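In: Structure here, sequence nowhere to be found:
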């Protein structure tokens, strides 16, 4: 197996492989008694970077992670979102070609989560860095080039987000009729399978155009409707439950 062009388990390549990889763990590895800057520079020295390289790399990652306001604070005094910024900076200080992220947004507020993903996306685009992400927030996977679903350590599905949605997720249309019985008769006449909850009928639709055709037919009967697109959560649930197309 090769990683970034180097052979795994070849003794002469191991150092190069370690230099190529960065990992953001769920749990931080930073020292709470040191400042953010001290933590990151200490980590950089572990990669035997020269003083010049270390200074240049620090400026590079500091710009992306907006460290100016926290770099002199002790890590232990930071909020969860600030700690995550520092954790990612630690991982990037040696400018890796490959980045592994182990559920990096877990426990973060929506604003911080958005910042983390914008930063990673920008880094990936501007440096051509390869990013591997493990997540249980399936919608985070929608921006990936390729998604792999694992179950008990085995790959059970793989493809682009759009391809997986096409295969495993389905759009739903929720209908509320002026008169429940008339609406029910229309659904039966159309041969449509449905579920009902609190007088809201949900049916599976093949596409937006399919939904539009049905809405035109039932227009006079409808009080309201909503079309809900299939999601990556749907993909995950259907795969795990064995609902394989």
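Out: Sure, I can see it. Since this is a predicted model, take the numbers as computed values, not measurements. Numbers count the residues shown, from 1 in each chain.
In: Just checking: what are the partner strands of the helix or strand of the chain with the lowest mean pLDDT?
Out: Ranked by mean pLDDT, DSSP states H and E, the weakest helix or strand in the chain is strand 6-7, scoring a mean of 74. Strand pairing for strand 6-7, using DSSP bridges, gives strand 2-3 (antiparallel).
In: any residues touching the partner strand, and which ones?
Out: Taking contacts as CB atoms under 8 Å, 6 or more residues apart in numbering, the residues outside strand 2-3 that touch it are 8, 17, 20-21, 98. Just so you know, the C-beta spots here come from the backbone N, C-alpha and C atoms, and that holds for glycine as well.
In: Give the ChimeraX command for selecting the buried subset of those.
Out: Here is the ChimeraX selection string for the buried members of the contacts of strand 2-3, based on 16 or more other CB atoms under 10 Å:
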select :17,20,21
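In: ok, the contacts of strand 2-3 vs residue 176, which is closest?
Out: Nearest to residue 176, judged by CB to CB, of the contacts of strand 2-3 is residue 98 at 50.1 Å.
In: How confident was the prediction at that closest one?
Out: Per-residue pLDDT puts residue 98 at 93.
In: Ok, residue 243 next?
Out: 47.
In: can you give me the strands in this structure?
Out: Using DSSP state E, the strands assigned to the chain run over residues 2-3, 6-7, 21-24, 98-102, 130-134, 147-151, 154-159, 171-177, 195-197, 200-205, 222-228.
In: could those strands be laid out in CSV, adding distance to residue 33?
Out: Output for those, formatted as CSV (distance: least, CB to CB, whole Å):
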stretch, distance to residue 33
strand 2-3, 34
strand 6-7, 36
strand 21-24, 21
strand 98-102, 24
strand 130-134, 30
strand 147-151, 37
strand 154-159, 42
strand 171-177, 52
strand 195-197, 54
strand 200-205, 55
strand 222-228, 50
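In: who touches the least confident helix or strand of the chain?
Out: 1, 13, 16-17, 20.
In: Which ones among these map onto helices?
Out: 13, 16-17, 20 (DSSP state H).
In: Residue 231: which of those is nearest?
Out: Among the ones in helices among the contacts of strand 6-7, and counting by CB to CB, the member closest to residue 231 is residue 20, at 34.1 Å.
In: ok, that closest one touching residue 96?
Out: Yes - between residue 20 and residue 96 there is a contact under CB atoms under 8 Å: 5.8 Å.
In: relative to strand 98-102, how tilted is the longest helix belonging to the chain?
Out: For the chain, the longest helix by residue count, based on DSSP H, is helix 110-127. If you take axes from the mean of the first three to the mean of the last three CA atoms, to 10 degrees, helix 110-127 sits at 160 degrees to strand 98-102.
In: Would you pull up how far helix 110-127 lies from the middle of the chain?
Out: Chain-centre distance of helix 110-127: 11 Å, with CA atoms, centre = their mean, to the nearest Å.
In: neighbours around residue 74, how many?
Out: Neighbour count of residue 74, defined by other CB atoms under 10 Å: 15.
In: nearest residue to it other than its sequence neighbours?
Out: residue 35 (5.6 Å; CB to CB, 6 or more residues apart in numbering).
In: Next up, the contacts around the one you found.
Out: 71-75.
In: And it, how far from residue 108?
Out: 22 Å (CB to CB, to the nearest Å).
In: do residue 174 as well
Out: The spacing between residue 174 and residue 108, counted by CB to CB, is 31 Å.
In: next one: residue 231
Out: Following CB to CB, the distance that separates residue 231 from residue 108 is 20 Å.
In: One more: residue 129?
Out: Distance from residue 129 to residue 108, by CB to CB: 21 Å.
In: residues contacting the residue positioned nearest the centre of the chain?
Out: By CA atoms, centre = their mean, the mean C-alpha position of the chain lies nearest to residue 140, the distance being 2.3 Å. Contacts here follow CB under 8 Å, 6+ apart; on that basis residue 140 touches 105, 117, 133.
In: I'm done for today, thanks for sticking with me.
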